[in-house]
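Peer 1: build the 3D model from these lines:
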Amino acid sequence: MRGLPGARVLVMCLLALLLVVSCGGGPEVSREEMAPLIQTDGAAFSDLHLSSEILEDLAFHRVVVLGETHRLREHWEFLATLAEDLHRWGFRRVLIEAPHMAEWLYDDYVQGGVLAPDYEPPKFYEDRLAGIREVNEGLEPSERIRVRAIDVNEEHHGGGQAFRNVLGSLVQILGDAGPVEAFTSTPAGSPEEQRESIKRLSASLRSESSTLSEEWGPEWFAYVEEMVEVEQASIDIREYRQSDDDRAARAREKEIKELVESRLSHDEGSTIINVGAHHAQKSPLMGTDQEWLGDYLVHRSETADGSVFIIGFTSAETVLEPGAPGSPFDIALSSPEDELLRLMAETWPGLNVYLPLDDPLFSEKRVAYNSEDKIYAVQLADVFDALFQYGMSHRMADS
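Peer 2: Here you go, the predicted model:
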């Protein structure tokens, strides 16, 4: 619980009024109009397993996108559960919003550590990927779920030096380090020095492609080349962050889209994509007005071919684990009475709730929707295909 309930509700209601105006008109749907629809169309669960009917609906699509609230422990448990439940429908791949340079380590971890058996995984893996690793333990190697990483390397991931460390570790496993040795043995330096050194590395990889493809194997050589390409873009994005956050966000989203397209073009079965709710939206609501990943997948991606289902994830109440950032959250203290998520939580207190947004109400009328303590008036079906709200969640510390 945060602050004084009465004062907080008053502040949130005033904030909601201001934001409703900024969204181009007040919500057209009252609490009384929404309540029976939520009761009829919503599905409540005491665990993290969706019903067979919902799973069949999701399995009809080639791509299922989960728009998460970051650092929620229950969400990563749900992701593993969903991957297991959709496995029988051919879902074999999970794409996560994590730095591409470490993709080989994430996937190695969920496969049981066969590539790097002596590598001790960071707490990030245990908090987020242990559930998928456990699912894979019961599957034949050819049937296991693969994890792919689709984000750039920003400063909080370690920047240029972290890239050198991760790349150096990989080529030691692959064999002859080739031109990578000279690159990883020098410090990252300034952004301009990083650009120059990685350009030299890229040129060296191209000139020695035949030898290195034979030494490392064609797939690993292609992955190292891709690591270098993504790091080249990451250097610019890290520098943009210093003065132009919007430019950095757009450049980052471009790289995410390209990595997703690359992964979807490989026939590894149907795919779950787990990203932040901003990236998942089908049309701009949160953040900048750029075309986000969900928007692109639904409307322009040739590989997805429109077969995409997007779920927005929230939590009715969130408590903090030791060291976790932010503040505790309670939807009842953060929303006016006619807000959708508050009504969902009050209809099924303490339970996890799935709500499809296929009723005409969500495409024809504006509803009040709480996103990160901002109340929007929006035709929510333009943003997500369904919502999933945890009754209770725990925010993890950074790891």
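
Peer 1: for stretch 336-353, buried residues please.
Peer 2: Buried residues in stretch 336-353, counting neighbours by 16 or more other C-beta atoms under 10 Å, are found at 336, 338-345, 347-348, 351-353. C-beta: built from backbone N, CA, C; applies to glycine.

Peer 1: oops, could you answer that again for stretch 204-214 instead?
Peer 2: Residues of stretch 204-214 classed as buried by neighbour count (16+ other C-beta under 10 Å): 204-205, 212-213.

Peer 1: let's have those in TSV, adding distance to residue 134 and pLDDT.
Peer 2: Formatted as TSV, the entries for the buried residues of stretch 204-214 read as follows, by distance: C-beta to C-beta, whole Å; pLDDT from 0 to 100:
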residue	distance to residue 134	pLDDT
204	41	97
205	37	97
212	35	97
213	35	97
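
Peer 1: pick the one among the buried residues of stretch 336-353 closest to residue 176.
Peer 2: Each of the buried residues of stretch 336-353 was checked against residue 176 using C-beta to C-beta; the closest is residue 352, at 50.8 Å.

Peer 1: hang on, the earlier thing: and the buried residues of stretch 336-353 as TSV, adding distance to residue 88 and pLDDT?
Peer 2: Listed next are those as TSV, based on distance: C-beta to C-beta, whole Å; pLDDT from 0 to 100:
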residue	distance to residue 88	pLDDT
336	42	95
338	40	94
339	37	96
340	32	97
341	31	98
342	36	98
343	34	97
344	29	98
345	32	98
347	31	97
348	28	97
351	26	98
352	22	98
353	25	98
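
Peer 1: just the strands in the chain please.
Peer 2: Taking DSSP state E as the criterion, the chain carries its strands at 43-45, 63-68, 91-99, 146-151, 270-276, 308-315, 317-320, 329-330, 352-356, 367-371, 374-378, 386-390, 393-395.

Peer 1: need these in CSV with distance to residue 159, can you?
Peer 2: Formatted as CSV, those follow (distance: least, C-beta to C-beta, whole Å):
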stretch, distance to residue 159
strand 43-45, 41
strand 63-68, 24
strand 91-99, 10
strand 146-151, 14
strand 270-276, 21
strand 308-315, 29
strand 317-320, 27
strand 329-330, 31
strand 352-356, 37
strand 367-371, 30
strand 374-378, 31
strand 386-390, 33
strand 393-395, 25
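
Peer 1: which one of those lies closest to residue 282?
Peer 2: strand 308-315 (5.9 Å).

Peer 1: got the angle for that closest one vs strand 367-371?
Peer 2: What separates the directions of strand 308-315 and strand 367-371 is an angle of 70 degrees, with axes from the mean of the first three to the mean of the last three C-alpha atoms, to 10 degrees.

Peer 1: any buried residues in strand 308-315, and which?
Peer 2: Within strand 308-315, the residues scored as buried using 16+ other C-beta under 10 Å are 308-315.

Peer 1: of these, closest to residue 274?
Peer 2: Sorting the buried residues of strand 308-315 by how near they are to residue 274, with C-beta to C-beta, puts residue 313 at the top with 9.4 Å.

Peer 1: tell me which residues form a beta bridge with the closest one?
Peer 2: Here residue 313 sits in beta bridges with residue 388, as judged by DSSP bridges.
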